[in-house]
Structures are given as C-alpha cells and as structure tokens.
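Visitor: Got a predicted structure plus its sequence, pasted below:
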Amino acid sequence: MSRAVRTCALLLALLLPAAARADEGMWLPLLLKQLNEADMRQKGLKLTAEDIYSVNRGSLKDAVVQFGGGCTGEIISGEGLLLTNHHCGYSQIQQHSSVENDYLTKGYWAMTRDQELPNPGLTATFIVRMEDVTGAVLQGIPGGIAEAERERTVQQRITQVAQKAVEGTHYKAFVRPMFGGNEYYLFVTEVFEDVRLVGAPPSSIGKFGGDTDNWAWPRHTGDFSMFRIYAGPDNKPAPYSKANKPYQPKHYLPISMAGVQPGDFTLVFGFPGRTTEYLTSWGVDEVYAASDPAKVKVRDAKLRVLDADMKASDKVRIQYAAKYASLANYWKKWIGEMRGLRRLDATARKQQQEQQFRAWVAQGDATRKAAYGQILDQLEQQYRLVRPYVVARDYTTEAALGVELVAYANSLQNLLDLIQNKAPQAELATAVGKARTGTTNFFRNYSAPTDQKVAAALLPLYADGTPAELLPDYVKTLRAKNTSPAAWASFAADLYGRSKLTSEADAQKVLDELLKGNAQPLLADPAYQLASAVVSTYRQKVLPTYTTAQDQITLLQRTYMAGLRQWQPERKFYPDANSTLRVAYGQVAGYQPADGTEYEYYTTLDGIMEKADPTNPEFEVPARLAELYQNKDFGPYAVNGTVPVAFTATNHTTGGNSGSPVINGRGELIGINFDRNWEGTMSDIMYDPDRVRNITLDVHYMLFVVDKFAGAGHLVKEMKLVNMPLNGRANSPLEPNTKKQKVKVKREKAAAL
Ligand code: ARG
Ligand code: GLU
C-alpha cells in the first residue's frame, strides 16, 4: 500500500464506527436479524436475514451441509450436486484409489450418474432449524453446584429436549452449549447417508502447492471435489441403494460469473469447528508456550520419517497420503499460530483486558464483587496447577499414541477388559467382530517398517518431554537405558521384531485367541505392554488431576464469560465455534503480511504456470492444463484474459469452514472457502482485522477445471450460472467485470488524494 493510500485508509477507518470495521465473528444464523442485519446491509448485503436463515421457507441455509464430520459443503444444483474441497473429499477419493486406479493422481469424473461412487459412512447434514433452549436446560440448577453434577443434569435435560424435538419425525437433534455453557441451543438436522463421489481433479490441481503452499497466500490450489446427495423415493434420507434418486433441495446456490472486487461483501456459511476467543492470559500462554511447541516438536519428527518413506515407495505414499496431510496441516497451523500470537502480543493484551475487568469489578457493588471478585485469581491458580498435566497429555497423545502400533495395541484393551470382567460370550464375539473390521482397515494403510522408524523417533520425545513424575516406570527405565538415537532405534527394532501386532495375519490370530477367552498372547505382546504402561499411567497419574482442573476451568470460564458480557453490555458477542452452523461476513481484501510487502487480493492461472516445477511433485502442472493455458482456451471462464484462481477476504473462519460457500451480497456463490492465511492462523484465539484472511477458491477456476480440463461440461449444465459477462460486460448493473482496470482506477484515485 502506498503511503497515500494508507493514510487514506486510516482516515476512513477513523471516520467509520468501530463496529463497521471489524469483520470478526462467527454468528448464529438465528440471531442475524437481531445482531447483524443492519451491519451486513451497510457492508453490501442485498438480502435480509430471513433470506439467509428461515424455518418457514427455503433460504440460503438449505443449501449448506455439514460434510462428514469436519467439513462444509454446498448444494449447487436442483439434483443434489454438492461442492466441497478436494481435501474434504480426500479420504473418499483415496478409498476408491489403488496403485492401478489412482484417482488421487489422475482425478476422477463420473460421466454418467451410474459412475457416481458410493461412500459408506459419509453423511451430509442439513440444519432444519435451531432454537435457544437455555431455559429448558438450565432451569432451577443452582449456581454453586459441582461441575460434574451440573453436567449430569444438563446432559439429562439435553437428551430430553433433543428427543422431544424430533418425536415422530425422521430428523435428528443435538443441543450444544454456547458462551461456555451460559446458553444452550438445539439443532434439528436431516442427515443424508447416500452421498456419492461425482468428481475430483487430480492432486496436481486439487492439492497444487501441497504442504508448501498450505496455509499460505498467494495460493493456486484448485481445492474442490464434487459429490451428489441421493435420497429415497420420498426425497428423504435413505441408506445407500442403487434405486435412490438425486436429492431435490429446498434451495441451491446460483453461481455468479461477475467476479470479485476489493471491498465486495462476502459471507461464509458453514460449520466452524473450534475457537477459544475468550481465553484468559493464562489460557493463551498455555497454548503459546506449552501446548503448541510440544505438539509441533513431535510432529516435526514424525513428518520427517513419513516423508522419507513416502518418497521411497508408491505403496507407502498412497497408504500415508491422508495421514500425512492431516498431520502436516495442524503442524504448520500451530507454527503460524505461535508467530501470530507473538506478533499480537496476545498474552499482554489479555492481561490488559484482565486489569480493566478487575477495575470494573472493584468499582461495582457487593453482588458484582461476590460474583467476579475471585474469578481471575482462581483461573490463574487452576492454569498453573494443570500445566504439567497438559504437557503430559500432549506428549501422550501426540508422541506415545502417535506411534501407530502403540495406538493399535491400545485399541484392543477393551477386549481384554471384557475377558477380565467375564462378559457374556455374545458380547465378546460382537466386540471381536468389530475389532476384526478395525484391524483390516488399520492394516490397509499401515507400513510396519515406517511405523518402526516413527517409534524410534517419537518414543524418546515422549520420554524426555513428559514431566518425569507422570511417566510410566517402564518408560523411565527405557529412558535411562537408551541414551542415543541409535539405542532407541535398536529398541524399536527389537519391539517390532517381537510384536505379533505388526501384521494383519498375526493380529487376527491374536484376535482368534481373544475370542476364545485367551488373553495370554496379547498380554505377552511387547507392543501391548508398552501401550498398557503408557495408557494406564496416563489414566492413573495424568487424567484425574487434568480432568478436575479442566472442569474447574470450564466452570470458572463460564462465570468469567458471563462477567465479560455484563462488563461490556454494548459489545456484540458471538459464541466460540463448536461445529454448529455459523455466518461470518466481511469483504474481499488483500493484506500486508510484513513490513514492506503487500499482497493482492486474488491470484490467476498465470501464477500456476509461474509456480510450475516438473521436478517438484507439489508443483507439477498437468500437461492438459498447460495446453489450455498456452492456447488461451478458457471458455467463458476468463476475466481479463486469464482465469481467476483464488481470492482473500476478511471473513473470520476456522477448521470446519473448509468447503463453505463464499456468497456475495445477492446470495450467489462466488467461491469455496478452503484455507486461511498463515499470518492469520491465530484468529482461533485472537482476530486481527489487518492480517486475518480466509482463502477462497474462485468459482471461475472450479468451472474451468470441470468443463475445459476434465470435459465434464454436463455438470456445469446442471448448475445455474448468473451474471454471465455479455459483450465484455456483466449483465448485472452491479458488477462490472473489468476487474484489473477497475482496481487500477481505484488505486490511482486514492493515490491522488
Ligand atoms: N489448511 C487447510 C485446512 O486446514 C487445508 C488442509 C489440506 N491441505 C493440505 N495440503 N494438507 O484444513
Ligand atoms: N482448511 C481448513 C478446514 O479444513 C479451513 C482453514 C481454516 O482453518 O481456516 O476446515
């Protein structure tokens, strides 16, 4: 940004009311009218809150689904066509792939409906309605009772409320706490379970830039895949059947071809997973100084091992592709998060806020003092107490159970328990049956030699990182004996050599014996012995204190949250993300990642060709894409002579928002959310309007890949494209499509001021 522009932006910022500048927040759709509608309309929304969320008629929410457990998807045709990210459909694409039929590498496109591939276990969940049920859940629960007791009552009521809400329907329901349990909301859902894979680009498009570009801007990843929801003859959810019909949605999103301009209104509608925006300084410090560093260190080591083995073998590459991606993802995120928290001086900011809060309490009457006078000191005390247990927990889950053999051995513990408790044979047989399926699935994607190297690298980290008094004696002894990497490696070699749990055939034999009630082979297995030492010590020494302290923190944090809301009655609060449906809104914008650097708000196909590197598998460009580029064969998907690929905006998003529709002021799809910028990853804890950006795949690139690259134009025909540029002009009066020129004009004008 030139100095003049910056001065101008600053002036503007000063003129606007504070609320209009910050795009922070993940809002409950139910409360948009009350809290956000005016602000949204001022920022460019042409719709009403009712157009976004309505129970009585089709609204935008009816085109948004939770995709599987952790992503979002949107419906883009009257026949249930569903759009989400490539990385969200990744395990399904992988599931259908083999070395011979490698859809990860080559992509997949169903050219007819009967080529659409079923995915057992995959669901698409619509939100039918939501409701504030705080009264019904909390009624009559006294303030001072123990957290565990409160939780029991709350759980009972939640079950009742949810059951009653869906009586006599095929709907499902759940209730989630908001504001740390100061409020509760009911969600009634419709869950579809026949969701078929329609298409996915090759990874060289869908994962272009790989882990190098992950969490990064400028970005050129074609991160999308397509599915289709199928329903029974009555258009209601039905288990997979060949006879099922494409689902007819109450609403689907038209797709805007008008392109985006800086400052354009954007709305992200999806299922953000988890944020902790109202932590205290001690909570922030725990993440920043203890948890993130520990987890990063362990994953560093694990990723290095996996990377080497995946490069050496195609089989291992396919087996570990999804596991690697998911490990690398949060590894990189946590590194960005630590940097962002440091840059914002987040702990100090929280301390400042806490001082102001204390001052407010001190000025108050006796009631206020009684309610909040102790709260911060008590929180500090609990955080101090819990710190070593948090560290032990992180090392146990990331390092010890990060060894797949240890995690697998531990998964058989419940069979032992059944035998030791003399459970009825039928129960044991069912459990063994489940374990057999689990075992088959586990070994499909397991390489024992790779895991052995992981064990050699991770076990010493576990032994060194866990506070000594929380370590199993067994591991303490190992730690004393194995003082070099070579010693740990030979320990691992011996362990994997002797364990019967490193191959499927042997593991099934162990299960045969368990079915007969013979626990001996498992008990004698060295991998089981290690797992059992780790987990039982964790259960005995770590978990009790960890749980009590966390319960205390939950309770105290709830009170603190109530205090914050009372302290700042004018401020609009949004509840932390908890995998429920939310609306984030903001505007298209670039940013300055660092002093002296400025990032544009969009990228194009030109940038893909600039990044192309045939010697680096992360940046390989498919020949067909290069050819289309050379011939400028862009179909109707070009803007100013190239294809827009991705853009950034100020929406407040987090994990789970992947695949979320990015919608313009008229309710049309302009892109698919797929990532956040690295400089903004601390927004799960603290949002920064200057640097937090969500990264969106532009619909132009998605359509171009489907139609021109994959030759699946029949899918584009199914969609509703609007604002098509006619004779070089968009047919909407609102959105000229001469993007680059328009931006230039704006800049020059600004500079002249
Ligand atoms: N960072 C994105 C998200 O949190 C994308 C992850 C998948 N991509 C990858 N290269 N691992 O989920
Ligand atoms: N890629 C993330 C997801 O899978 C979204 C990025 C973010 O955390 O903001 O949900």
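Guide: Yep, that arrived. Residues are numbered from 1 along each chain as shown. Ligands and ions are numbered 1, 2, ... in the order given.

Visitor: From now on I want contacts and neighbour counts done on CA atoms only, so please keep to that.
Guide: Noted.

Visitor: what residues does this structure put near ligand 1?
Guide: Proximity of the chain to ligand 1, by Cα under 6 Å from any ligand atom, involves residues 87, 210-211, 214-215, 325-326, 329, 655, 675.

Visitor: can you pick the most crowded of those residues?
Guide: In terms of neighbours by other Cα atoms under 10 Å, these top out with residue 675 at 27 neighbours.

Visitor: Show me the helices in the stretch 451-600 of the chain, by range?
Guide: With DSSP state H, counting those that start in this stretch as the criterion, the stretch 451-600 of the chain has helices at 473-481, 485-498, 504-515, 520-523, 526-537, 543-567.

Visitor: Make CSV from those helices and add distance to residue 607, mean neighbour count and mean pLDDT to it.
Guide: CSV is the format used below for those (distance: least, Cα to Cα, whole Å; neighbours: other Cα atoms under 10 Å; pLDDT from 0 to 100):
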stretch, distance to residue 607, mean neighbour count, mean pLDDT
helix 473-481, 50, 14, 97
helix 485-498, 43, 16, 98
helix 504-515, 46, 17, 98
helix 520-523, 55, 16, 98
helix 526-537, 48, 20, 98
helix 543-567, 45, 18, 97
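
Visitor: Just tell me which of the ones you listed ends up closest to residue 56.
Guide: Nearest to residue 56 among these is helix 543-567 (31.6 Å), distances taken as Cα to Cα.

Visitor: Name the residues that touch the closest one?
Guide: Residues from elsewhere that reach helix 543-567, judged by Cα atoms under 8 Å, 6 or more residues apart in numbering: 147-148, 179-182, 278-279, 357, 360, 371-372, 375-376, 378-379, 382-383, 385-386, 389-390, 571, 573.

Visitor: May I see the buried residues of stretch 297-304?
Guide: Judged by neighbour count using 16 or more other Cα atoms under 10 Å, the buried positions of stretch 297-304 are 297-299, 301-303.

Visitor: closest to residue 542 among these?
Guide: Set against residue 542, the nearest of these by Cα to Cα is residue 298 (19.2 Å).

Visitor: contacting residues for the closest one?
Guide: Going by Cα under 8 Å, 6+ apart, residue 298 touches 395, 398-399, 458, 461.

Visitor: In this structure, spot the helix with the most residues.
Guide: Identified as the longest helix of the chain according to DSSP state H is helix 314-344.

Visitor: averaged over its residues, what pLDDT does that one have?
Guide: For helix 314-344, mean pLDDT is 95.

Visitor: for stretch 603-622, same thing?
Guide: 97.

Visitor: which outside residues touch that stretch?
Guide: Applying Cα under 8 Å, 6+ apart, the contact partners of stretch 603-622 are 204-205, 207-212, 218-220, 626, 629, 642-647.

Visitor: Got a ChimeraX select line for the buried ones in those?
Guide: Remark: buried members of those, expressed as a ChimeraX selection using 16+ other Cα under 10 Å:
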select :204,205,207,208,209,210,218,219,220,626,629,642,643,644,645,646,647
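
Visitor: List the buried residues in the host helix or strand of residue 268.
Guide: In this structure, residue 268 sits in strand 265-270 according to DSSP states H and E. Buried residues in strand 265-270, counted by 16+ other Cα under 10 Å: 265-270.

Visitor: which outside residues touch that strand?
Guide: 43-45, 61, 64-66, 72-73, 580-588, 649, 651, 653, 656-657, 660-665, 673.

Visitor: Pull the number of nearby residues for residue 293.
Guide: 17.

Visitor: For the residue nearest to the spatial centre of the chain, grab phi and psi.
Guide: The chain has residue 655 as the residue nearest its centroid, 2.4 Å off, counting by Cα atoms, centre = their mean. Backbone torsions for residue 655, taken as degrees, to the nearest 10, come to phi -50, psi 130.

Visitor: quick one, what contacts it?
Guide: Residues counted as contacts of residue 655 (Cα under 8 Å, 6+ apart) are 70-71, 272-274.

Visitor: Most neighbours of all those, which one?
Guide: Of all the contacts of residue 655, residue 272 has the most neighbours under the rule other Cα under 10 Å, reaching 28 neighbours.

Visitor: residues contacting that residue?
Guide: Contacts for residue 272 (Cα under 8 Å, 6+ apart) come out as 577-582, 653-657.

Visitor: hmm, try it at 6 Å
Guide: For residue 272, the contact set (Cα atoms under 6 Å, 6 or more residues apart in numbering) comprises 577, 579, 654-657.

Visitor: Could you do residue 217 as well?
Guide: Here residue 217 is in contact with residue 677 (criterion: Cα under 6 Å, 6+ apart).

Visitor: Now it: phi and psi?
Guide: According to degrees, to the nearest 10, residue 217 has phi -130, psi 140.

Visitor: That one and ligand 2, how far apart?
Guide: Distance, residue 217 to ligand 2, using Cα to the nearest ligand atom, to the nearest Å: 12 Å.

Visitor: how close does that residue get to residue 600?
Guide: Going from residue 217 to residue 600 by Cα to Cα, to the nearest Å gives 9 Å.

Visitor: So for residue 158, what's the pLDDT?
Guide: What the model reports as pLDDT for residue 158 is 98.

Visitor: What of the one 10 residues further on?
Guide: For residue 168, the pLDDT comes out at 97.

Visitor: can you check the one 3 residues further on too?
Guide: On the pLDDT scale, residue 171 is placed at 98.

Visitor: Please name the nearest non-neighbouring residue to it.
Guide: Nearest residue to residue 171 in three dimensions, chain neighbours excluded: residue 190, at 5.1 Å (Cα to Cα, 6 or more residues apart in numbering).

Visitor: Would you agree that neighbour falls within a strand?
Guide: Yes. Looking at residue 190 with DSSP: H, G, I helix; E, B strand; the rest coil, it is inside a strand.

Visitor: re the thing from before, the contacts of strand 265-270 in strands, which ones?
Guide: Residues of the contacts of strand 265-270 located in strands (DSSP state E): 64-66, 72-73, 582-587, 649, 661-663, 673.

Visitor: Looking at those, which one is closest to ligand 1?
Guide: The closest of the ones in strands among the contacts of strand 265-270 to ligand 1 turns out to be residue 673 (Cα to the nearest ligand atom; 9.5 Å).

Visitor: Next one: that closest one from residue 221, what distance?
Guide: As judged by Cα to Cα, residue 673 and residue 221 stand 11 Å apart.

Visitor: can you count the residues close to residue 60?
Guide: Other residues near residue 60 come to 23 when the count uses other Cα under 10 Å.

Visitor: From what I see, it and residue 49 are in contact.
Guide: No. Between residue 60 and residue 49 there is no contact under Cα atoms under 6 Å: 9.9 Å.

Visitor: sorry, back to before: please flag which of the contacts of helix 543-567 sit within strands.
Guide: Taking DSSP E, every one of these sits outside strands.

Visitor: sorry, back to before: need the helices of the stretch 451-600 of the chain in JSON lines with distance to residue 344, can you?
Guide: JSON lines is the format used below for the helices of the stretch 451-600 of the chain (distance: least, Cα to Cα, whole Å):
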{"stretch": "helix 473-481", "distance to residue 344": "39"}
{"stretch": "helix 485-498", "distance to residue 344": "38"}
{"stretch": "helix 504-515", "distance to residue 344": "50"}
{"stretch": "helix 520-523", "distance to residue 344": "51"}
{"stretch": "helix 526-537", "distance to residue 344": "38"}
{"stretch": "helix 543-567", "distance to residue 344": "21"}
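
Visitor: Would you mind giving the secondary structure of the residue of the stretch 351-500 of the chain found nearest ligand 2?
Guide: Per Cα to the nearest ligand atom, residue 398 is where the stretch 351-500 of the chain lies closest to ligand 2, at 19.7 Å. Of the three states, residue 398 takes helix according to three-state DSSP.

Visitor: count of neighbours near it?
Guide: The burial count for residue 398: 21, using other Cα under 10 Å.
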